[in-house]
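**Student:** only geometry, no sequence info:
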């Protein structure tokens, strides 16, 4: 029963040369699944999965590459960030418990602070305090506010010193459930429309359960984007989010251009959306042949 | 590189006792994936997949069970049929070519005629003549018309004698691509509405490419059903079929109650529907984590 863990580290760069160096770390250990790199977000997201020991080795090497090559003092981008390696989420995929994924995140967090002198905050299931469960709370203030924030006794890192790394800031690390990073691009260049939609659907405003949302501007294509994290995939499906944004966009006299998934979706999420899009009574993930064979 | 073949034999029964005996044949060889049984169709569809040798053994045992237990002279149902084992499609899934699946279908067809005295027609990629490629052509006339049909020199079976088995009729066997057996139930008991919709979407009437459709009545629930085979999954997605039927139903003052998939869908088909339902620019099957891990 081979254990499989997924890890989706987010790096604050869109430099293709740095991306190549990062990818090489995961390829070397045979755990690279895929990656996205967005010039407007100025951010690269790598997806890797496999045996936990291999994943740990690959992630630590990639952190080394990022710390050497990324300077947040000269980094700008549409996406919030506070570290060269901004966040390192671990997700148990097969034959692993959440607690085991928490242990992996702590090993990685501890090693990052020792090897690279980058302070690490634990979040999500690995959080040491209630105010660190939400990534947005940990990251609030960004790289620029980090020196001040870390003077607060409430914001001492879980690993390392209470001063950020001068060029690499701090890193957030933890075990979490699957989430979907999902962006919907609108047929408008008015970022206020994206912000209005984001505000309507955000759970914290009483919107859709498990949905976090920001309105952003993609300068390279002059496109307003609703950038979302769907953190509770059991409560809501991609199709529901899509349909809601479609209706809100229509109400604001615009429409959806396209949408994109960042990272990889687990089969049960895709199956749930299919079930709703096509009104299946009894469609579930096991209806997909390869999924059933993989789990046999 | 283990070869994996899928087989989806259709049996003309909805007797739970016979179904149990059939399922046992596939379980015994470790190749049972799932099954459906419909009382209105009076038909059971079993999905199995695995090593070709194991699949062949399981299918032949199940044919023996069906021939012993099913008498078509007393069988009625909404679905067309001409054999106790009506059709045995083989689909190459992994590390197998279509030609290898054709060979498997010929081995099985030949053994069925010899062991059980049931004549076998080869169809789809295994067809020996152009008029046998389409299952509907081979099956036209049903069990009741079989004695007469098989007197025609054009309708000599590929294996066995030119007279049907007295209780088990004849069996159609062959290798084909994935297809989706997909039924949409309407919020009406008027079968003519289902027939009208089926007629509109059927490819042979100039409707949707790769779609075969019948309007049927499900007596047990007093529901009209559009029963479809989507034989060209590259040309059309479930979501397109669903959306088209939804619109046609609306035009005829009714609506869709639900839909169901018979058998198992390959990941690329589900991904294609998702892509359309949620307007993904770059969503493909590899975006599903387990699919990518399975193929790694």
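**Tutor:** Received the coordinates, thanks. These numbers were taken from a predicted model, which means no experiment stands behind them.

**Student:** nearest spatial neighbour of the residue in the stretch 51-200 of chain A positioned nearest to chain B, skipping sequence neighbours?
**Tutor:** The minimum distance from the stretch 51-200 of chain A to chain B, using CB to the nearest CB, falls at residue A:93 (6.9 Å). C-betas here are computed from N, CA, C, even on glycine. Nearest non-adjacent residue to residue A:93, counting by CB to CB, 6 or more residues apart in numbering or on different chains: residue A:4, 4.4 Å away.

**Student:** SS state for the residue of the stretch 1-150 of chain A found nearest chain B?
**Tutor:** With CB to the nearest CB as the measure, residue A:33 is the residue of the stretch 1-150 of chain A nearest to chain B, at 5.8 Å. Three-state call for residue A:33 (DSSP: H, G, I helix; E, B strand; the rest coil): strand.

**Student:** partners of the residue nearest to residue A:93 in the sheet?
**Tutor:** Beta-bridge partners recorded for residue A:4 (DSSP bridges): residue A:94.

**Student:** now do the same contact list for it.
**Tutor:** A:49, A:50, A:51, A:93, A:94, A:95, A:96, B:293 (CB atoms under 8 Å, 6 or more residues apart in numbering or on different chains).

**Student:** quick one: the helices in the stretch 51-200 of chain A?
**Tutor:** Taking DSSP state H, counting those that start in this stretch as the criterion, the stretch 51-200 of chain A contains helices spanning A:52-69, A:98-116, A:135-139, A:146-149, A:191-201.

**Student:** neighbouring contacts of the third one?
**Tutor:** The contact list for helix A:135-139 (CB under 8 Å, 6+ apart) reads A:80, A:81, A:82, A:86, A:87, A:121, A:123, A:124, A:131, A:132, A:172, A:212.

**Student:** cool, and the longest one?
**Tutor:** Residues from elsewhere that reach helix A:98-116, judged by CB under 8 Å, 6+ apart: A:3, A:5, A:52, A:55-56, A:59-60, A:63-64, A:67, A:85, A:88, A:90-92, A:118-120, A:122, A:125-126, A:157-161, A:165, A:168, A:171, A:173-175, A:177.

**Student:** could you give me the PyMOL selection string for whichever of these are buried?
**Tutor:** Only the buried entries of the contacts of helix A:98-116 go into this PyMOL selection, using 16 or more other CB atoms under 10 Å in any protein chain shown:
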select buried, chain A and resi 3+5+52+55+56+59+60+63+64+67+85+88+90+91+92+118+119+120+122+125+126+157+158+159+160+165+168+171+173+174+175+177
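
**Student:** number of residues surrounding residue A:235?
**Tutor:** Around residue A:235 there are 13 other residues, counting by other CB atoms under 10 Å in any protein chain shown.

**Student:** right, and it touches residue A:207 too?
**Tutor:** No - between residue A:235 and residue A:207 there is no contact under CB atoms under 8 Å: 12.0 Å.

**Student:** what does the stretch 51-200 of chain A put close to chain B?
**Tutor:** residue A:93 (CB under 8 Å from any CB of the partner chain).

**Student:** ok so, going back, which of the contacts of residue A:4 are buried, as a ChimeraX select command?
**Tutor:** Command for ChimeraX that selects the buried part of the contacts of residue A:4, burial taken from 16+ other CB under 10 Å:
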select /A:49,50,93,94,96 /B:293
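
**Student:** could I get the contacts of residue A:4 as TSV with pLDDT and distance to residue A:285?
**Tutor:** As requested, those are arranged in TSV below (pLDDT from 0 to 100; distance: CB to CB, whole Å):
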residue	pLDDT	distance to residue A:285
A:49	95	17
A:50	95	21
A:51	96	23
A:93	92	13
A:94	91	14
A:95	93	17
A:96	95	18
B:293	81	14
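
**Student:** closest one of the contacts of residue A:4 to residue A:147?
**Tutor:** Proximity of these to residue A:147 (CB to CB) peaks at residue A:49, which lies at 35.3 Å.

**Student:** isn't the closest one right up against residue A:55?
**Tutor:** Yes - assessed by CB under 8 Å, residue A:49 is found in contact with residue A:55 at 7.2 Å.

**Student:** pull up the overlap in contacts between those two.
**Tutor:** Contacts common to residue A:49 and residue A:55, judged by CB under 8 Å, 6+ apart, are A:5, A:7, A:31.

**Student:** give me the neighbour count for the second one.
**Tutor:** For residue A:7, the neighbour count with other CB under 10 Å is 28.

**Student:** try the one 10 residues further on
**Tutor:** A count of neighbours around residue A:17, defined by other CB under 10 Å, yields 9.

**Student:** which residue comes closest to residue A:148 once chain neighbours are left out?
**Tutor:** residue A:141 (7.3 Å).

**Student:** which pLDDT value goes with the residue nearest to residue A:93?
**Tutor:** Looking at residue A:4, its pLDDT stands at 94.

**Student:** that one and residue A:52, how far apart?
**Tutor:** 8 Å (CB to CB, to the nearest Å).

**Student:** same question, residue A:232
**Tutor:** Here the criterion is CB to CB. By it, residue A:232 lies 25 Å from residue A:52.

**Student:** one more: residue A:65?
**Tutor:** From residue A:65 to residue A:52 the distance is 20 Å (CB to CB).

**Student:** ditto for residue A:82
**Tutor:** Remark: distance between residue A:82 and residue A:52 (CB to CB) = 26 Å.

**Student:** again with residue A:38
**Tutor:** 28 Å.

**Student:** next, the closest residue to residue A:58 other than its chain neighbours: phi, psi?
**Tutor:** Once flanking residues are discounted, residue A:58 sits nearest to residue A:29: 4.2 Å by CB to CB, 6+ apart. Per-residue torsions, residue A:29: phi -100, psi 10 (degrees, to the nearest 10).

**Student:** that concludes my questions; thank you for your assistance.
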